[in-house]
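>>> Sequence first, then the predicted structure, then my questions.
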Amino acid sequence: MDLRQIHLRTIKSDDAEIAYRVMGEGPPVVLLHPFPVNHEFWLPVAETLTSRYRVVLPDMRGHGDSGVGEGPATMDKHAADIARVMDDAEIGRAPLIGVSIGGYALFEFWRRHRGRVAALGLCNTKAPADGTEARNGRLQAASDVIERGTEPFFQSMLPRVFSRTTREMRPDRVEGALRMMRKMSPEDVAQVQRGMAARPDSVDVLKTINVPALVVTGDDDILTGANEAELMHQHIPNSQLRVIPKAGHYSPWEQPEDASRILRRFLEEVS
């Protein structure tokens, strides 16, 4: 069975249609993908989890088959969307695992809905807000995609999100990510970038996280690498830190076997 053909559910969340997929049976776990791909990012890992878990895979606002709504896709909106997806899937409380923007959204979700979080997985993400230079870079990228289209932006991202190993040895992974990226319109990319540029600093949130927490990074992640992972690990009480070898910013997509093993062990400990 081709898991990509499994029916996507859609719900209304404020001013956007949000799409999500459910796979497997058992205790629920919610997996959030990075920018600018979609829920298919998680399929190689989800396939290994479905024998034991009910895996919920949203397309975050502005990504994949989910609409972007009006204005910037802020962390407030992403957090509200996650809560709505959980409501629709009849999930009260679950482990939530997010990569990159998925992690940014989870910090906001923790602020607003911590009672619904059984455990947190923070993969290839970071707690600090963007500095001035990074914020300006995002806003410039938002203007550029409206003017010039998305393809130059997506191409420029590839060497930043993939390890050298993946780029040289796994062109299928690179092409698969590009295929997902190309589902986003210029407006989607622009509003998601503006939302990330406006996200609040979450370093102070880290010490309040009192559920089991897993921090994951790739050994070749140049966007949110070892330093950011170590910062989260040091500030979150009793957290675990794992480094995936030969992986960049998209580590679960690049090395799904390693990611699956790490997540399965973490989820077994949690349950």
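Cool, the structure landed.
>>> What sits closest to L206 if chain neighbours are left out?
Distances taken as CB to CB, 6 or more residues apart in numbering put H235 closest to L206, at 3.6 Å, once the chain neighbours are dropped. For the C-beta atoms, the positions are set from N, CA and C on the backbone; glycine is no exception.
>>> check contacts around that neighbour.
Shown in contact with H235 (CB atoms under 8 Å, 6 or more residues apart in numbering): 127, 203, 206-207.
>>> Now list the buried members of the residues you listed.
Among the contacts of H235, those classed as buried by 16 or more other CB atoms under 10 Å are 127, 206.
>>> Output the contacts of H235 as CSV; include the columns pLDDT and distance to R112.
Listed next are those as CSV, based on pLDDT from 0 to 100; distance: CB to CB, whole Å:
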residue, pLDDT, distance to R112
A127, 98, 16
V203, 98, 18
L206, 98, 16
K207, 97, 18
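>>> Which of the contacts of H235 fall in helices?
Among those, DSSP state H puts 203, 206 in helices.
>>> what would the contacts of H235 look like in TSV with distance to A226?
Output for those, formatted as TSV (distance: CB to CB, whole Å):
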residue	distance to A226
A127	14
V203	17
L206	16
K207	20
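>>> now, among the contacts of H235, which is nearest to F153?
A127 (25.2 Å; CB to CB).
>>> give me phi/psi at the closest one?
When read as degrees, to the nearest 10, the backbone of A127 gives phi -90, psi -40.
>>> Tell me which helix or strand comes right after the host helix or strand of T48.
For T48, the element it lies in under DSSP states H and E is helix 43-49. Going down the chain from helix 43-49, the next helix or strand is strand 54-58, by DSSP H and E.
>>> How many residues are close by V22?
19 (other CB atoms under 10 Å).
>>> Quick check: pLDDT value at it.
What the model reports as pLDDT for V22 is 97.
>>> Report whether the expected contact of it with T50 is present.
No. Here V22 does not reach T50: they are 9.8 Å apart, not a contact under CB atoms under 8 Å.
>>> Other residues contacting stretch 165-177?
Applying CB under 8 Å, 6+ apart, the contact partners of stretch 165-177 are 37, 40-41, 158-159, 161-162, 220, 246-248, 250, 253-254.
>>> go with 6 Å
Outside stretch 165-177, the residues that touch it by CB atoms under 6 Å, 6 or more residues apart in numbering are 37, 246, 254.
>>> Check the offset of that stretch from the chain's centre.
Computed by CA atoms, centre = their mean, to the nearest Å, the chain-centroid distance of stretch 165-177 equals 19 Å.
>>> where does the closest residue in space to I97 that isn't next to it in sequence land in three-state SS?
The shortest distance from I97 to any non-neighbouring residue, by CB to CB, 6+ apart, is to G121 (3.1 Å). Three-state call for G121 (DSSP: H, G, I helix; E, B strand; the rest coil): strand.
>>> Bridging across strands, which residues link to G121?
Going by DSSP bridges, G121 is paired in beta bridges with I97, L214.
>>> count of residues packed around it?
G121 has 30 neighbours, counted by other CB under 10 Å.
>>> That one contacts A94, doesn't it?
No. Between G121 and A94 there is no contact under CB atoms under 6 Å: 11.2 Å.
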